[in-house]
Each structure stands twice: as structure tokens, then as C-alpha cells.
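[1] Could you work out the structure for the sequence below:
(4 chains)
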2 protein chains.
Amino acid sequence: MTTLSEVARHAGVTPATVSNVLRNRGRVGASTRQRVLDAVAALGYRPHLAARALAEGRAPTLALMVSSIANPFYPEFALAVEHAARSSGHFVIICNTNEDPLTGRAYLDQIAGTLSEGVLVTNANLDFADLHTTESRGTPVVLCMWERPNEPPGLPCVAVDFRLAGELAGTHLLTLGHRRIGAIVGSKASGIHAARYEGFVDALHAAGAPKGRVKHAPDTIQGGYAAARALLEADPKLTAIFATNDLPALGAMHAAADLGLNVPGDLSVIGITDIQLARESRPALTTVAVPTVEVADLAVSLLRELIESSYGQAGHQSTASVPMRISSAPKLVVRASTGVPHPR
Amino acid sequence: MTTLSEVARHAGVTPATVSNVLRNRGRVGASTRQRVLDAVAALGYRPHLAARALAEGRAPTLALMVSSIANPFYPEFALAVEHAARSSGHFVIICNTNEDPLTGRAYLDQIAGTLSEGVLVTNANLDFADLHTTESRGTPVVLCMWERPNEPPGLPCVAVDFRLAGELAGTHLLTLGHRRIGAIVGSKASGIHAARYEGFVDALHAAGAPKGRVKHAPDTIQGGYAAARALLEADPKLTAIFATNDLPALGAMHAAADLGLNVPGDLSVIGITDIQLARESRPALTTVAVPTVEVADLAVSLLRELIESSYGQAGHQSTASVPMRISSAPKLVVRASTGVPHPR
DNA sequence: CGTCGGAGATTAAGCGCTTAATCAGCAGGG
DNA sequence: CCCTGCTGATTAAGCGCTTAATCTCCGACG
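    Here you go, the predicted model:
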């Protein structure tokens, strides 16, 4: 392994000079700089990131907490985060909590502040107390998808108006003429699904439509499948199903297929998020798109700001209020899974 | 931030003693040990991983190179890798190369050896020369999915008999009675797809069946969709389609649906890998399962061994031959997308 | 009673890099 | 000719942790 000192010796200068050249700091003469660069190239020198992290008192990585990378939304989001992070010179460590707060805490304890200088949190089912602890230890934390722009969570966050997303979905179905609509609501403890469902109910209310049945289900295709079957069994005359997420919505489409129902002829299905699969399913899923890339960008840039300011003003910056960024509004994306009702 | 020294002061001992307690090294008296542990708890001390990495001369992380985490196979694999790595105290940094060898090299240059002490490579379209460079710099590298058990790649690897996978798929279709079979072959430069296709052709040969048409396509649903349409247009009498991967196979099913063909009534479809989606599609996809979890376990444990031995025998261990682990054989998983041919 | 061995601690060096402080020249102004 | 002010470099301390080497007791053994 080539070290800074070896490069320095090879170039006939001191390590400090090499460091200055590499970081564009201090004053270095043109010829010396060139000699150093030559030596770097000749020896194939690569800085030792851990050593640099120690000396600088900061790490070049960000931690991204996700509940499970198996849910296809997270890889998509992670990709966007990684992209944003790379442009600011950060690597991303993806931490799977598996919905387990203890695993989450273990990750936070180990890598926050020592291997990563900032933490990005998605709907990972973490204990807020742990996040506050992390923050108080000096490592900035940003919530990537806060669901209620009007009710700050007490942590820096990027807010997405998920209530509106639910409302848009509901309105779309109502506009098409649906009145018997079943709802599949994610079962996670988090408020994400609640806000979406609220918006959906708001839309029904506004239109004077009946509230309809609700079934809770895990955020998976199979969860949605089972929920949809239960819903259709309870009320065979349902003409539409709203799911608070795309995955269960896809499951609902499968259920319809298995029950011999045509989508959207016999049953309309709508989800929320617009994951890749929504585009690729047959029929393609109508959904309410969340601006994933934008959210990732906002979250990373907010985190970067917090990191910078935490190094700037030694320690606390408590007087400032907790920052919140608001993403652009979710948008309805009409595809092939919804249509005018055709009562059975 | 609490440091080792602070804990030491608080416990009335020297930093060395604290370190010894924390690492279960050296000799420490019972009472002293307890005092140290109390101090650790009282101060909420967490070791600084970067500092530890520097002092130990090794890092607690592994790098996982993937072509794109957007392909659902990789998150599944990454999850298995992460699980295996965690059990050996490693974190995993997922590096997306986006199929770009230069991005891959950038990652290798930056984190191999400084932030991570080992590299796991999936089909990430990397330059083998870069991998050898990384290895020669002292960071062990393991190829996670080498496709030809009989032709070692010159790097440590876990081999999966992908030729056999293709053969199993072909044999299955032939056994059902298919004779007009189209093939969708991944277009990646890598040999992964070639080996699978070879196995498929071997099966046809053995049965004296005609070779059929081939269409190359990217490893996506849409790629498979387009390829299947092209295939069916060229030969409307095709009774089955074999794809070298599940994603294109799913795309082929969509194409069939759009062309009004019933799967498996009019067209049988089979893929390779057995990703989660294969189970969740309608009809569920028949495929040849690759032992993902086993491969991940083998790869991580091989990498760990290489890491240990690289620290053991100072530097080179060149005399030893390049190790290869062979995963258990791929297995046919019959689901609903294949059936006896029903000529149109 | 002198000495030896081992348990239980400490000392100190060093991992590779950063950076504030310092220093050596040297040109120009008084 | 001395002092000032630069530029271009060096010095040296330190980031938090590990670890080989060292030291200090103290009981046991001959």
C-alpha cells in the first residue's frame, strides 16, 4: 500500500506538501505541484479514506436506513440517493432494519458518526428516541418521507403530501363514477398509510360517497392479494379498489385475475407511489406518483447542509428551528388499471 | 463524542486497559473490567470505527459491486450478502456500477482497501484488469457468480452451473412436448447468458429438436417484452419461449397477454433465477432457481478466508491456486407458466 | 530470605492523513 | 542596508484506537 509519505519521499517534498496538492490547499509552486502529481501517478497512490476520515474528523459516507431492500421501492429510492450523494463526494451505506427497531438502533450506534457523517431515514420503523440520540451525539439525521407537511415531526425532514396523494386517487375513482370502493391500507405502525387513507376518505366525503370497506395488509403483493380477496368476498359488488401502495395494488390485480374479474372492466385498481413495476404490470397500474428522485435530492442536500453547519458552529445550533423541505405534489398517473365502473 | 481516553479517565485506568476490556485481549482483573464496563455504559461510549480501522489496518466493511440495484435480483442478493456479512461483523457498501466499467473502477480505487477490506463482485460488467489490480494491492476479490465451473476465471469465485440451468429449462419444455421454442438471450457482454443458452441448446440437441430462433435483449421486463413480440412475429407458431433470465421471461408473458395468447395454453414461458417476482406474477413463472442465499454465504465466507489469510501470511500467497467454491445445482421450479403445447 | 514467575496494569509508538503554526528565502520600500 | 511582506515550503501535533513491550507488585518456591 502506497502512503502519503512514500509519495512525498518520491517527489522530494514533505507529506504536508503532498496533502496540500491533493486537497488544493495552502500554497504550492507550480513545478512542485507537478512533481507531486507525477509521483502520485507513478506510485498509483490512493488516499486511505479511513485515515483521512480520522484526521478530518468526518467520514465520506452517509447511512441510508431502510426497512427492507426487498421492497422494490427502496432500491429505486436508494439509487436516487446514491446518485445525489455521489455528487457531493459521499458513499452510501444501506442499512436494512428489517422493520426491527433494535436492528436499527444497532446500526445507528455503530456507524453514525464513526463511519458515516449523516443519516437518511426512510420508513424504516425506527425508534424516534434513537434518532434523537443520534442527533444529540452530533450526527445529523433527515427523515426522507414525512407524510404531513403541516405537522413537523421534530426532526429535519422532507415532507411529501401523502394525504393529497390519497385524495387524488379517491377523486380519480369518483370522477370515473365509482361508488363502491374498497380500500387496502398498509399495516405499518407509521403514519404514512394513515395520511394516504385520510386523503382518500376526504375525497369520498367531499363527493358524498359512502366510506366503503377497509382491509389492512402488509406492504407486499401477497398482502394485497389476500386483502383484495377478502374485500371482494365481503362485497362482491365492489367496482374499485384503492391501495395505499403500489405493491398491494398489484396484488389486488392478481386477485381480480384469479377471481375471473377483468381489470379495469370489472374492477378498477389504483395505488400510490409509481414504482417501476407499476409501469410494467399488465394492465399497467394507475397510481399516484411520488417524486422519488426529487425527494432523494432534497433529502441529501438538506442533510449536507446540516452536516456543514454542524461542523461550522461548534456543536449546537439549537436555536434554529427544525428544518423541513417540501417536495412537489404527488401526481395522478392514469394507466390501464382504472376505468368507468361496469356494475356486476 | 466520547473517546476511549475519556472512558479510561472515568474508570481510573489507562486507554490500553479499556481497549483490552473491549476487545477481550490481554489480562484484565475482574473488578477493573467491571469498572471499565460501567464507565462505558455511563458515558455511552461507542468506538470510532474509522480510528479502529486505521489502527488495526483493516476495515469493517465489504464492498458489493452490482450493475444496477434497479434489477430486482440484486437487492435480493444484496440482502443475503448483508446477512452473511453481518454475522462476521462486516457492513456492506453497495456500489452501483450502472454497467459502466469506469464507475466500477472509480469505486474500486476509492474504497477497496481503505474503506472496505474485501470486494464482492456480481455481474457488474467490470474490467477484470481492474479487479486484478485491486487484488494485487492486497484487497481480496471474489466473483459471486461464475458461470463455468470447469473454466476458472483466474479470480477467486463461487461458481454456479448456469449451463445446467439452461439445460434444465430446455429439457422441461421438451419433456412437455414443445418443439418450436424461441429463446431470449441477455445481451450483456458477460458469459452468464451464453452459458445458459448453451445448456438450452445442448438439451435441444440431445432431443434432436430444431434450434429455433434467438433474440437478444437487455435484462429487463421491457426488453423481454419487445424480444418476445419480435419472436412471435417472426414465427407465430412458437409454442414456448425460453429466456435466460426471469425479468425478460415476465416481459414475454406480458407480450403474450397483449397478443391475446394464453399462458401456458397458447404459449409456455420459462426463465432462470427465480426472483421474488417470479412467484408473484400471474400466471406464476416456471423457472430454474439459482441458490441465491447459498451463493451469498459461500461468497462471503470465501472472501473472509481470503481476508484472514492475506493478513496472516504477510502479503503474497501466490503459490496457492485460485480458490473456487461451487454452489449446489440450479433446480427446476415448475409453476403455472408452462404446460403441454397446444399448437395454433 | 532472596529470587523467580505471573497477573495486572502502564508506556509509548504508530496507523496514514490533516493543518495550524512556523520558517527560510527573497523582492521591494524606506 | 534593515525591515516588511510575500511566496513556498516544512514542522509537529494530533485525530481515536491498537498493541508489543515494559513495568510493578506480590505470593510462592527453594
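[2] And the helices in the stretch 151-300 of chain A, which stretches?
    A:162-176, A:192-207, A:221-234, A:246-258, A:276-280, A:292-312 (DSSP state H, counting those that start in this stretch).
[3] What residues sit buried inside the fourth one?
    Read it as helix A:246-258. By neighbour count with 16 or more other Cβ atoms under 10 Å in any protein chain shown, helix A:246-258 contains the buried residues A:246-257. Backbone N, C-alpha and C define where each C-beta goes, glycine included.
[4] next one: it to chain centre, how far?
    When distances are taken as Cα atoms, centre = their mean, to the nearest Å, helix A:246-258 is centred 24 Å away from the chain's centroid.
[5] Give me the helices and strands touching it, please.
    For helix A:246-258, the elements it packs on are strand A:181-186, helix A:221-234, strand A:240-243, strand A:268-273, helix A:276-280, helix B:276-280, judged by 3 or more Cβ pairs under 8 Å, 6 or more residues apart in numbering or on different chains; DSSP states H and E.
[6] Please name whichever of those is nearest to DNA strand D.
    helix B:276-280 (38.9 Å; Cβ to the nearest atom of the strand).
[7] buried residues in that closest one?
    Across helix B:276-280, burial judged by 16+ other Cβ under 10 Å covers B:276-278, B:280.
[8] Return the member of the residues you listed nearest to chain A.
    Nearest to chain A among the buried residues of helix B:276-280, counting by Cβ to the nearest Cβ, is residue B:280 at 4.5 Å.
[9] Tell me who's in contact with the residue nearest to that closest one when sequence neighbours are not counted.
    Leaving out its chain neighbours, the residue that sits closest to residue B:280 by Cβ to Cβ, 6 or more residues apart in numbering or on different chains is residue A:221, at 4.5 Å. Residue A:221 makes contact with A:247-248, A:250-251, A:254, B:280 under the criterion Cβ atoms under 8 Å, 6 or more residues apart in numbering or on different chains.
[10] and what of residue A:158?
    Shown in contact with residue A:158 (Cβ under 8 Å, 6+ apart): A:142-146, A:295, A:298-299, A:302, A:324-327.
[11] re earlier: which one among the contacts of residue A:221 gets closest to DNA strand D?
    Using Cβ to the nearest atom of the strand, residue A:247 comes nearest to DNA strand D of these, at 41.6 Å.
[12] what's residue A:333 sitting at in phi/psi?
    phi -120, psi 110 (degrees, to the nearest 10).
[13] distance of it from residue A:172?
    10 Å (Cβ to Cβ, to the nearest Å).
[14] who has more neighbours, the two?
    Here residue A:333 and residue A:172 are compared on neighbour count by other Cβ atoms under 10 Å in any protein chain shown; more neighbours surround residue A:172, at 22 against 18.
[15] out of everything not next to it in sequence, what's closest to that one?
    residue A:332 (5.6 Å).
[16] contacting residues for the residue lying closest to residue A:130 once chain neighbours are set aside?
    Nearest residue to residue A:130, sequence neighbours excluded (Cβ to Cβ, 6+ apart): residue A:105, at 4.7 Å. Residues in contact with residue A:105 (Cβ under 8 Å, 6+ apart) are A:126-127, A:130.
[17] isn't there a strand covering residue A:105?
    No. Membership of residue A:105 in a strand is not supported by DSSP: H, G, I helix; E, B strand; the rest coil, which gives helix.
[18] Report the secondary structure state of the residue nearest to residue A:172.
    In three-state terms, and counting by three-state DSSP, residue A:332 is strand.
[19] got the residues of the stretch 51-200 of chain A near chain B?
    A:51, A:53-54, A:59-61, A:68-70, A:72, A:74-76, A:78-79, A:82, A:91-94, A:96, A:109-111, A:113-115, A:137-138 (Cβ under 8 Å from any Cβ of the partner chain).
[20] In strands only, show me those residues.
    Of those, the ones assigned to strands by DSSP state E are A:61, A:91-94, A:96.
[21] export the residues you listed to a markdown table and tack on neighbour count?
    Conversion of these to a markdown table gives the following (neighbours: other Cβ atoms under 10 Å in any protein chain shown):
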| residue | neighbour count |
| --- | --- |
| A:61 | 25 |
| A:91 | 24 |
| A:92 | 24 |
| A:93 | 22 |
| A:94 | 26 |
| A:96 | 25 |
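[22] nearest to residue B:215, of those residues?
    Nearest to residue B:215 among these: residue A:94, at 34.8 Å, using Cβ to Cβ.
[23] Just give the closest residue to the closest one, not the sequence neighbours.
    Closest to residue A:94 by Cβ to Cβ, 6+ apart is residue A:64, at 5.1 Å.
[24] Could you pull up the contacting residues of the one you found?
    Residue A:64 makes contact with A:78, A:81, A:92-95, A:119-120, A:122, according to Cβ under 8 Å, 6+ apart.
[25] about what we covered before: write the PyMOL selection for whichever of the residues of the stretch 51-200 of chain A next to chain B are buried.
    Typed into PyMOL, the next command selects the buried ones out of these (criterion: 16+ other Cβ under 10 Å):
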select buried, chain A and resi 51+53+54+59+60+61+68+69+70+72+74+75+76+78+79+82+91+92+93+94+96+109+110+111+113+114+115
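[26] Would you list the buried entries among the contacts of residue A:105?
    Buried among these (16+ other Cβ under 10 Å): A:126, A:130.
[27] could I get the contacts of residue A:105 as JSON lines with secondary structure, distance to DNA strand D and pLDDT?
    Conversion of these to JSON lines gives the following (DSSP: H, G, I helix; E, B strand; the rest coil; distance: Cβ to the nearest atom of the strand, whole Å; pLDDT from 0 to 100):
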{"residue": "A:126", "secondary structure": "coil", "distance to DNA strand D": "24", "pLDDT": "92"}
{"residue": "A:127", "secondary structure": "coil", "distance to DNA strand D": "24", "pLDDT": "94"}
{"residue": "A:130", "secondary structure": "helix", "distance to DNA strand D": "20", "pLDDT": "97"}
